[in-house]
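Participant: I would like to see how this sequence folds:
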Amino acid sequence: MSSREDILALLRQEEGFLSGQELSRHLKLTRAAVWKAVDALRREGYKIEARTGLGYRLSAVPDALTEAEIRNFLGKTTVVGRELFCFDKLDSTNNRAKTLAQSGAPEGTVVIADSQTAGRGRMDRSFQSPKGQGIYLSVLLRPRMAPDCLPPVTALAGVAVCAAVERLCGIRPGLKWPNDPVLNGRKLCGILTEASLEAESGRLQSMVVGIGINVSQEPEDFSLEVREIATSLLQALGRPVSRPQLAAALLEELDGAYAALLSGNLAVYLEAYRRDCVNLGKTVQLLPFGGGSGETAQAVDIDEEFSLIVRGSDGRKRTVRSGEVSVRGLWGYSE
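Facilitator: Next up, the predicted model:
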C-alpha cells in the first residue's frame, strides 16, 4: 500500500485523534510526508480534522468508488474481487474487462467506473451512466464449463443484485425476465453478459458480467426516453445509499452466486428467481429479436435453466429463452 493508503487505514481504526508523531513513527515517515499524504486524502474528498496537540481524525469519507473505499466494506470472497481496477471514466467497463481478459487478467478481476460514456445493455441498447450517480462494474470470469451450461449466469447476477440491495437498503427489487432488477415497476439496474469463445473449438475462454445500478439519480437526471421506465435507489428510498458499501455487498453476492454455478447447486437461486420474477402470473408480449409480429402469452413459470415458460392463446405451454425474444408488459415496463 502507499503511504496515503496506510495513513487512511490507521485513521479508520482510530475513533479519536491520532498524532502526526504517532503516524510518523508507526509508518516510518517524515512529518512532512504525513502532512502531504493527509493533504492528498483531503483532495480526494476525505474530511480529516487537524488539531494542534491532538493530531488528525477522520470525520467523513467520500461516496467514492475507489479500491480503498470498496475494500473497507468488502468481506472475504473466494473469486470475485481478487483484483479491483477503479476508474473515474471509461467508455464501458465491459470493454475494459474484455481487454484485461485478453492480457491474461485473473478470474475474479473487477472493473469499476464512476461514469461510462458508452455503457451498453442487451441488444446493444445504451445504458446511461452519469458520473457519481451509479455503480458501473464488470466481473471477469473463466468458468471451465461448456457454453451451453451458461444461460443461468445472467439470472444469477440478477438475484445477486436483488440480494445486495435488500441487505443494504432493506428493500428487495423484483426481476423482470430475463435480467432487469426493477423497483415500483421501473428499471433499477441493467445486466449484460458477454462471452469470448475460441474460434476453432468453441471452448469458452472468458466471460464478462457487466452490471449498472442506478443509485442516486433524480428523475431529471434521466433522458426523456427513459425517464418513465427508469428509477434509482434514491427515488425509491428517499435517502442516499453508500455506493462503495453497495458495490462491496454486490461483489460478495456475486461471489456466492458464482460458487453455486460452479458446484451446480442452483436450487436456492432458482427459488429466489421465481419469487422475485415480476412477470409470473402476468400477461406479456413476446417480441422476436429479428422483427415481425409479436404474440401475447401468460407467463406461468421459470424452468431449471431460468428460461420463461409461457402459455399461449391456444392453451399450450412452451419455453422461451432470453436470446430468442424480448418480453414486455402490456401496460408498461414490467407488468
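
Participant: Would you confirm that residue 234 contacts residue 215?
Facilitator: Yes. Using CB atoms under 8 Å, residue 234 is in contact with residue 215, at 6.7 Å. The way it works is simple: take the backbone N, C-alpha and C, and place the C-beta from them, glycine included.

Participant: Which neighbours do those two have in common?
Facilitator: Jointly contacting residue 234 and residue 215 under the rule CB atoms under 8 Å, 6 or more residues apart in numbering are residue 241.

Participant: Comparing these two, which residue is more hemmed in?
Facilitator: residue 215 (22 against 17; other CB atoms under 10 Å).

Participant: is it true that that one touches residue 231?
Facilitator: No. Assessed by CB under 8 Å, residue 215 is found out of contact with residue 231, at 10.8 Å.

Participant: Find the residue at the geometric middle of this structure.
Facilitator: With distances taken as CA atoms, centre = their mean, the residue of the chain nearest its centroid is residue 211 (4.0 Å).

Participant: What residues are bridge-paired with that residue?
Facilitator: residue 137, residue 191 (DSSP bridges).

Participant: Please report the distance of it from residue 154.
Facilitator: Residue 211 sits 10 Å away from residue 154, going by CB to CB, to the nearest Å.

Participant: what residues are shared contacts of the two?
Facilitator: Contacts common to residue 211 and residue 154, judged by CB under 8 Å, 6+ apart, are residue 191.

Participant: neighbours around residue 131, how many?
Facilitator: Neighbour number of residue 131 under other CB under 10 Å is 11.

Participant: Just to check, it is in contact with residue 89?
Facilitator: Yes. Residue 131 is within contact range of residue 89, at 7.2 Å (criterion: CB under 8 Å).

Participant: shared neighbours of these two, anything?
Facilitator: Joint contacts of residue 131 and residue 89 (CB under 8 Å, 6+ apart) are 114-115.

Participant: ok, now which ones touch the nearest residue to residue 156 once chain neighbours are set aside?
Facilitator: Spatially, and ignoring its direct neighbours in sequence, residue 156 is nearest to residue 257 (4.1 Å; CB to CB, 6 or more residues apart in numbering). By CB under 8 Å, 6+ apart, residue 257 lies in contact with 156-157, 159-160, 269.

Participant: Now rank those residues by neighbours and give me the top one.
Facilitator: residue 160 (29 neighbours).

Participant: Tell me which helix or strand it sits in.
Facilitator: Taking DSSP states H and E as the definition, residue 160 sits inside helix 152-169.

Participant: And residue 297, by the same measure?
Facilitator: Using DSSP H and E, residue 297 falls in strand 295-302.

Participant: hmm, who's touching that strand?
Facilitator: With CB under 8 Å, 6+ apart as the criterion, strand 295-302 contacts 177, 270, 273-274, 277, 279-286, 308-313, 317, 327, 330.

Participant: So which elements touch the helix or strand harbouring residue 209?
Facilitator: Using DSSP H and E, residue 209 sits within strand 204-214. Applying 3 or more CB pairs under 8 Å, 6 or more residues apart in numbering; DSSP states H and E, one finds that strand 204-214 makes contact with helix 93-102, strand 134-141, helix 152-169, strand 189-197, helix 243-263.

Participant: right, and these - which one's nearest residue 219?
Facilitator: strand 134-141 (14.7 Å; CB to CB).

Participant: Return the set of buried residues in that closest one.
Facilitator: Under the neighbour-count criterion of 16 or more other CB atoms under 10 Å, strand 134-141 has 134-141 buried.

Participant: So for that strand, mean pLDDT?
Facilitator: On average, the pLDDT along strand 134-141 is 97.

Participant: Could you do stretch 255-264 as well?
Facilitator: 96.

Participant: Now do the buried residues in that stretch.
Facilitator: Per 16+ other CB under 10 Å, stretch 255-264 contains these buried residues: 255-258, 260-261.

Participant: Using TSV, lay out the buried residues of strand 134-141 together with distance to residue 47.
Facilitator: Formatted as TSV, the buried residues of strand 134-141 follow (distance: CB to CB, whole Å):
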residue	distance to residue 47
134	23
135	23
136	25
137	26
138	31
139	31
140	34
141	37
